[in-house]
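**Student:** need a 3D model of the following:
(one chain, ligands or ions: 1)
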Amino acid sequence: MIKPEAVAAGHSGKIIDLILSNGFTIVALKYTRLSHEEAGTFYAVHKERPFYGELVEYMAGGPIIAAILEKSNAVEDFRKLIGATDPADAAEGTIRKQFAESKAKNAVHGSDSDENASIEGAFFFSTREQH
Ligand code: CMP
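**Tutor:** Residues are numbered from 1 along each chain as shown. Now for the predicted structure:
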């Protein structure tokens with residue numbers, strides 16, 4: 001997912017270009033916006049965290065781009081490409097190092113396991129939207 005502040009700043013094209021040039025294939029792609037309820041559901045795993053309310057506000061605050069990506073070792077390789085949660089800790093050349101504003105507004109989200117990738121993919125896309 002490309003998050004609201006990165007979409008609003010006009011970084012989407014560059015981020016998608018980096019994703020493709022690093023060997024990922026796009027299986028599904030959508031420009032959309034999460035309601036507060038949907039953002040809360042998407043990040044339900046963080047419900048007990050002190051930043052949950054702020055996270056939901058931010059993620060519902062503007063349009064996002066959702067995608068399903070394919071590659072061998074995709075979860076691990078994508079997390080490497082996006083870099084650490086906090087851009088201050090992210091390696092040079094990573095998406096978050098180049099485009100994230102802060103630990104909260106960190107430009108992109110990547111699934112943390114194959115299982116969660118399936119759940120998160122199904123959250124945004126029907127099977128007929130996946131190719
Ligand atoms: P993401 O990889 O999408 O997973 C959970 C998100 O919560 C994370 O990126 C950040 O946007 C946000 N987040 C994580 N830690 C913090 C924090 N300490 N304060 C505010 N937001 C955070």
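**Student:** gap between Gly62 and the ligand?
**Tutor:** Between Gly62 and the ligand the computed distance is 14 Å (CB to the nearest ligand atom, to the nearest Å). C-beta here means a position set from N, CA and C on the backbone, and glycine is covered the same way.
**Student:** check contacts around the nearest residue to that residue once chain neighbours are set aside.
**Tutor:** Spatial nearest neighbour of Gly62, chain neighbours left out: Pro4 (3.6 Å); criterion: CB to CB, 6 or more residues apart in numbering. The neighbours of Pro4, taking CB atoms under 8 Å, 6 or more residues apart in numbering as the test, are 58-59, 61-64.
**Student:** just the ones in strands from the residues you listed, please.
**Tutor:** Ile64 (DSSP state E).
**Student:** can I get the contacts of Pro4 in a markdown table with pLDDT, distance to Ile119 and neighbour count?
**Tutor:** Conversion of the contacts of Pro4 to a markdown table gives the following (pLDDT from 0 to 100; distance: CB to CB, whole Å; neighbours: other CB atoms under 10 Å):
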| residue | pLDDT | distance to Ile119 | neighbour count |
| --- | --- | --- | --- |
| Tyr58 | 98 | 21 | 16 |
| Met59 | 98 | 16 | 22 |
| Gly61 | 98 | 23 | 17 |
| Gly62 | 98 | 23 | 14 |
| Pro63 | 98 | 22 | 13 |
| Ile64 | 98 | 17 | 26 |
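**Student:** can you add distance to Ser118 and give the contacts of Pro4 back as JSON lines?
**Tutor:** Compiled in JSON lines, the contacts of Pro4 are given as follows (distance: CB to CB, whole Å):
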{"residue": "Tyr58", "distance to Ser118": "25"}
{"residue": "Met59", "distance to Ser118": "20"}
{"residue": "Gly61", "distance to Ser118": "27"}
{"residue": "Gly62", "distance to Ser118": "26"}
{"residue": "Pro63", "distance to Ser118": "24"}
{"residue": "Ile64", "distance to Ser118": "19"}
